[in-house]
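The sequence and its predicted three-dimensional model are supplied below.
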Amino acid sequence: MDSIQKFESDIAKTKKHERAAGSAYDGEKTCRKVCQLFERNNPDCQALAVSWANYWMEKYILPSQELNEEPTEKNTAIIVAMQALMDNEVSLTDALSQEDWKELCSLTNYESEEMDMDKLNDLMIIFVDKNAL
């Protein structure tokens, strides 16, 4: 199991655990735990991971008409694609829209002073290839 598959599996486990917790399922709470998982998964660029996770929550989760079903398969695929991007696995980023690419690039530019230069360079190469600048 590679790191992307493990991340996706950990999301499923988090959702399953929250559903089995005994009280009513809270999709927002579950998604906040998914954000924490994403942040822990990316300790080498913590500030960027927090920014990207916040973007996912604000763009896809909080406005959801199905908040108590979140994270849906579609929205899970988006944060998994974000993890794939962090891991430089561009072939696994199809769930990201052009708007996502531009926003993730903007957030990366904003957090660039806090980042390792090699990581920043890798991400910027991808953003250029995706016409996100």
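All right, it came through fine. Numbers count the residues shown, from 1 in each chain.

use CA for all of it now, contacts and neighbours both
Fine.

Run a quick neighbour tally on the closest residue to Q98 other than its chain neighbours.
Leaving aside its sequence neighbours, Q98 sits nearest to A132 (Cα to Cα, 6 or more residues apart in numbering; 7.2 Å). A132 is flanked by 17 other residues according to other Cα atoms under 10 Å.

How about D100?
When neighbours are defined as other Cα under 10 Å, D100 has 18 of them.

what packs against the helix or strand it falls within?
Element membership of D100 [criterion: DSSP states H and E] is helix 98-111. Helices and strands touching helix 98-111, by 3 or more Cα pairs under 8 Å, 6 or more residues apart in numbering; DSSP states H and E, are helix 46-56, helix 117-129.

so what pLDDT did the residue nearest to Q98 get?
The model reports A132 with a pLDDT of 90.

May I have the residues that are in contact with it?
By Cα atoms under 8 Å, 6 or more residues apart in numbering, A132 lies in contact with 98, 101-102, 105.

Check the gap between the residue positioned nearest the centre of the chain and M86 for me.
Centroid check for the chain by Cα atoms, centre = their mean gives I79 as the closest residue, at 3.1 Å. According to Cα to Cα, to the nearest Å, I79 and M86 sit 10 Å apart.

returning to that earlier point: so of the helices and strands packed on helix 98-111, which one's packed in deepest?
When the helices and strands packed on helix 98-111 are scored by mean count of other Cα atoms under 10 Å, the highest mean neighbour count falls to helix 46-56 (a mean of 20).

Need the contact partners of that one.
So helix 46-56 is contacted by 35, 38-40, 42, 78-79, 82, 104, 107-108, 111, 114-115 (Cα under 8 Å, 6+ apart).
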